[in-house]
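Participant: model the following, please.
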Amino acid sequence: MSIRVRAPATTANIGPAFDCAAAALDLWNEVEISESAPPPDRDHLAVRAFERIAPLEGLGFSFTDRIPRERGLGSSAATIALGLVAGALVAGRDLDPEELLAIGVDLEGHPDNLAAALAGGVCLTWNGAIARIANDAPATPIALVPAERVGTRAAREALPSFISHADAAHNVARAAVLGASLATGSVTLFAAAADDRLHEPYRAGWAPLLGAVREHPPAGMIAATLSGSGPSVIVWAQRETAAACADELRLAFPDADVLTLSISTTGAGQV
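Facilitator: Predicted structure coming up:
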């Protein structure tokens, strides 16, 4: 018996939609599960997720990791998604993304990355529900990935316990505009939505690339958003000039990796 499963990277929050919006990206981690005598590492996130659905006895796990860790690109969510989908396949259970999310969300701690990793496309999630509202975004995502790492827990500790009514109203409006832009494909609305006051200002110290790219935007940039809790930044570029935008970013930030990506229309699944 041998199965191979892959799961995509994700970018969460997408500006103002903190903890409730994310997009799957065409960058994949994989696992191959086959019969094996040595037991797997039961502390591994994918193995822990797998064991919630199927028994481990007699199985070995071989991982291929392409998503940078602790960079805000959903590496932990992809790892959990690998285990959940593989476990369902081995157990012969036909579980939809919402059912898998319910089984594994506490391993991730928050649902947005995991929902998009499981369902693909651009997703909203709330109270355990997943709504895939778009197959694509109005712009090409270019990931600007620094060498530095930031753990999600540390980044969350930078957030305030309370915000002003004005900032809350500001974000509600921008999140609504974001949803409208994704549903309609409007570039104008997408650019207007990328103005967050809920998390990005408080994480700026962890993610200096966000301020730098906004201060000196490359040609063709529509918006820039912190990816998850950072420190990676997604530069959303006009489709026709995305390649030139990426080249300009490489010149401006030679110490960072620049990855021109696309929204994945599929989530985690068997290869």
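Participant: OK, contacts around the residue nearest to A256 when sequence neighbours are not counted?
Facilitator: Spatial nearest neighbour of A256, excluding adjacent residues (C-beta to C-beta, 6 or more residues apart in numbering): P146 at 4.9 Å. (Glycine included, C-beta is placed from N, CA and C.) By C-beta atoms under 8 Å, 6 or more residues apart in numbering, the residues touching P146 are R71, L209, P231, S232, D255, A256.
Participant: now the buried members of these.
Facilitator: R71, L209, P231, S232, A256 (16 or more other C-beta atoms under 10 Å).
Participant: report pLDDT for the fourth one.
Facilitator: If I follow you right, that is S232. Listed pLDDT for S232 reads 97.
Participant: which residues of the stretch 151-271 of the chain fall in helices?
Facilitator: Counting by DSSP state H, counting those that start in this stretch, one finds helices in the stretch 151-271 of the chain at the ranges 152-157, 165-184, 187-193, 208-215, 242-252.
Participant: which one of those helices lies closest to G58?
Facilitator: Evaluated over the helices of the stretch 151-271 of the chain, closeness to G58 peaks at helix 152-157, with 33.6 Å, by C-beta to C-beta.
Participant: off-centre distance for the closest one?
Facilitator: 16 Å (C-alpha atoms, centre = their mean, to the nearest Å).
Participant: then stretch 116-129?
Facilitator: Remark: stretch 116-129 is offset 10 Å from the chain centroid, using C-alpha atoms, centre = their mean.
Participant: tell me how many other residues surround T184.
Facilitator: 13 (other C-beta atoms under 10 Å).
Participant: equivalent analysis for G220, please.
Facilitator: For G220, the neighbour count with other C-beta under 10 Å is 21.
Participant: any idea how far R132 is from it?
Facilitator: G220 sits 27 Å away from R132, going by C-beta to C-beta, to the nearest Å.
Participant: that concludes my questions; thank you for your assistance.
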